[in-house]
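Colleague: with the sequence up front, the predicted model follows.
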Amino acid sequence: AQSVTQLDSQVPVFEEAPVELRCNYSSSVSVYLFWYVQYPNQGLQLLLKYLSGSTLVKGINGFEAEFNKSQTSFHLRKPSVHISDTAEYFCAVSRFLTGGGNKLTFGTGTQLKVEL
Amino acid sequence: NAGVTQTPKFRVLKTGQSMTLLCAQDMNHEYMYWYRQDPGMGLRLIHYSVGEGTTAKGEVPDGYNVSRLKKQNFLLGLESAAPSQTSVYFCASRRTSGRKSYEQYFGPGTRLTVT
């Protein structure tokens, strides 16, 4: 079975400071990994994904994540955050379903709060 | 393109009432999904569909039914609402092939309260 652990439920950070949101996964097979962002009262938007290839993945809004197979981690980073980055961030792992399609297993989310 | 839309945005039900949530997508995606989001639990898959006329159970299907009579629509029904079904419901869809085939596109959500 697959699971996703987001170690921090809340991360406060000052504007222009760097941030890292942690994500660890457990899976016995190859995985596809995703980070989604949810702004207040909105749906989820894909930030970035890792399917294969380079372990450093760049996404939208200046975010990047590094896939580390040995540590089973996919941490999200941004070198300098902005007030507008305040949102909830979800890490997710994908697996195929026997009936077709794929299933995303989500972590419990990390609330990033950027302060002035 | 409107993407994925959900109707209604908000709803309050009394215990035992029924309702249907509508999800529509205009991207010609084959796969569609219903999730529920609860505080501290992330999103959990309720039901999904891999094509018109087909549905399957996810991890929390009890108390819900779904139908996919048209490719662009995916309906989620609650026959007898319970307070435990108070949640935010998200619909998502994805294509079956191509570079973005692993990406699920989400709707804006429906906030349901059952009293």
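Modeller: Done, it's in.

Colleague: contacts, neighbours, all on C-alpha from now
Modeller: Noted.

Colleague: just the buried residues of the one helix or strand in chain A whose mean pLDDT sits lowest, please?
Modeller: The weakest-scoring helix or strand in chain A, judged by mean pLDDT, DSSP states H and E, is strand A:102-106 (a mean of 83). Neighbour counts using 16 or more other Cα atoms under 10 Å in any protein chain shown place A:102-106 of strand A:102-106 among the buried residues.

Colleague: so what strands line up beside that strand?
Modeller: strand A:87-96 (antiparallel) (DSSP bridges).

Colleague: same question for the partner strand, mean pLDDT?
Modeller: For strand A:87-96, mean pLDDT is 90.

Colleague: report how many residues lie close to residue 113.
Modeller: Went with chain A since none was named. The tally of other residues near A:Lys113 (other Cα atoms under 10 Å in any protein chain shown) stands at 19.

Colleague: try again with chain B
Modeller: B:Thr113 has 19 nearby residues by other Cα under 10 Å.

Colleague: could you measure from B:Ser18 over to A:Ser94?
Modeller: Look at B:Ser18 and A:Ser94: by Cα to Cα, to the nearest Å, they are 32 Å apart.

Colleague: hang on, the earlier thing: ok, and what's touching the following helix or strand past the least confident helix or strand of chain A?
Modeller: Downstream of strand A:102-106, the next assigned helix or strand under DSSP states H and E is strand A:110-115. By Cα atoms under 8 Å, 6 or more residues apart in numbering or on different chains, the list of residues contacting strand A:110-115 from outside reads A:6, A:8-15, A:21, A:81-90.

Colleague: how about the helices in the chain?
Modeller: Just going to use chain A. Secondary structure of chain A (DSSP state H): no helices located.

Colleague: could you do chain B as well?
Modeller: Under DSSP H, chain B gives no helices.

Colleague: chain A against chain B: which residues are in contact?
Modeller: A:41-46, A:90, A:99-109 (Cα under 8 Å from any Cα of the partner chain).

Colleague: any stretches of chain A with poor pLDDT?
Modeller: A:1-2, A:28, A:30, A:97-101 (pLDDT under 70).

Colleague: now swap in chain B and tell me
Modeller: Applying pLDDT under 70 to chain B flags residues B:1, B:98-101.

Colleague: quick check: bridge partners of the spatially most central residue of it?
Modeller: Residue closest to the mean C-alpha point of chain B, counted by Cα atoms, centre = their mean, is B:Trp34 at 2.8 Å. In this entry, B:Trp34 is beta-bridged to B:His47, B:Cys91, by DSSP bridges.

Colleague: which ones are touching it?
Modeller: Taking Cα under 8 Å, 6+ apart, we find B:Trp34 in contact with B:45-48, B:76, B:89-92.

Colleague: which two in the residues you listed are spaced the farthest apart?
Modeller: Greatest spatial distance among those (Cα to Cα): B:Tyr48 and B:Tyr89, at 13.1 Å.

Colleague: which one of the two is surrounded by more residues?
Modeller: Between B:Tyr48 and B:Tyr89, B:Tyr48 has the larger neighbour count (other Cα under 10 Å), namely 29 against 26.

Colleague: tally of neighbours for the residue lying closest to that one once chain neighbours are set aside?
Modeller: Distance criterion Cα to Cα, 6 or more residues apart in numbering or on different chains; nearest residue to B:Tyr48, sequence neighbours excluded, is B:Tyr33 at 4.2 Å. When neighbours are counted by other Cα under 10 Å, B:Tyr33 registers 28.
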